[in-house]
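okay, here's the prediction I keep looking at, along with the sequence it came from:
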Amino acid sequence: MARALRFQMVDARMRVQAAAMSHGFDDVRARLRDASQAVDHATHRLESLMARAVQRVRRRADAVGGRLSAARLSARVSAARVRFSLLCASRDAAMASRADEMKTRLGIAAASLDALSPLAVLERGYALAQSSDGRLLRDARAVEVGSVFSLRLAEGALRCRVEESETP
């Protein structure tokens, strides 16, 4: 029973290490970078569109201004300012909401990436055993009694000597 549990732990550890070393992390980073660039591009486009919309409204107001009386013009300008303020507030709220959503998604992706980090695995109490030539040790039969190997821990490493070997 204990050997079966040890084997399952070693197998799970190997799968986590293999996942941590995969190119999937590069894909996540690339997707995060692409998403960030998309947000930046959308923000720039929104700002440009709003600036053009403001310019169009101002030109139209100037053209109509010559035909209107001062009192009517003042009332219409006040109403336009209120509408413009509402549109700006709506734009700002939409941009803030989108930015918050993207920050949340980025946080989730970063947390997922961190959970699979080899260092995070070591922080949970696991260790990496390496032979003197740097190969990962996955099987007790690969090391002879009296051999020296190192254990990589979350904080530092240990040099160890095999005194006894237990193999399944």
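Structure received.

what is the rounded mean pLDDT of the helix or strand hosting Arg3?
Arg3 is located in helix 2-20, with elements delineated by DSSP states H and E. The average pLDDT within helix 2-20 is 78.

check which element follows that helix along the chain.
Read in the C-terminal direction, the helix or strand following helix 2-20 is helix 24-65, with elements assigned using DSSP H and E.

output the contacting helices and strands for that next one.
Contacts defined by 3 or more CB pairs under 8 Å, 6 or more residues apart in numbering; DSSP states H and E place helix 24-65 against helix 70-115. Where you see a C-beta, it was placed from the backbone N, CA and C, and this is true even at glycine.

for the helix it packs on, packing partners?
The helices and strands touching helix 70-115, judged by 3+ CB pairs under 8 Å, 6+ apart, are helix 24-65.

domains of this structure?
What the record gives for the chain is the domain set 2-120, 127-161, from automatic domain parsing.

give the buried residues for the last one.
By 16 or more other CB atoms under 10 Å, the buried positions in domain 127-161 come out as 128-129, 143, 149-150.

how distant is that domain from the center of its chain?
The chain centroid and the centroid of domain 127-161 are separated by 33 Å under CA atoms, centre = their mean, to the nearest Å.

pLDDT below threshold where in the chain?
Along the chain, segments meeting pLDDT under 70 span 19-26, 29, 65-69.

same thing but 80
Residues of the chain meeting the criterion pLDDT under 80: 1-5, 15-30, 32, 64-73, 118-119, 121-123, 167-168.

any chance of the domains of the chain in CSV, with distance to Pro168 too?
Below are those laid out as CSV (distance: least, CB to CB, whole Å):
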stretch, distance to Pro168
domain 2-120, 5
domain 127-161, 8
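
now the buried residues of domain 127-161 as CSV including secondary structure and distance to Ala4?
Output for those, formatted as CSV (DSSP: H, G, I helix; E, B strand; the rest coil; distance: CB to CB, whole Å):
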residue, secondary structure, distance to Ala4
Leu128, strand, 22
Ala129, strand, 20
Val143, coil, 21
Phe149, strand, 24
Ser150, strand, 27
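
max pairwise distance over these: which two?
The widest separation within the buried residues of domain 127-161, taken as CB to CB, falls between Leu128 and Val143 and amounts to 14.0 Å.
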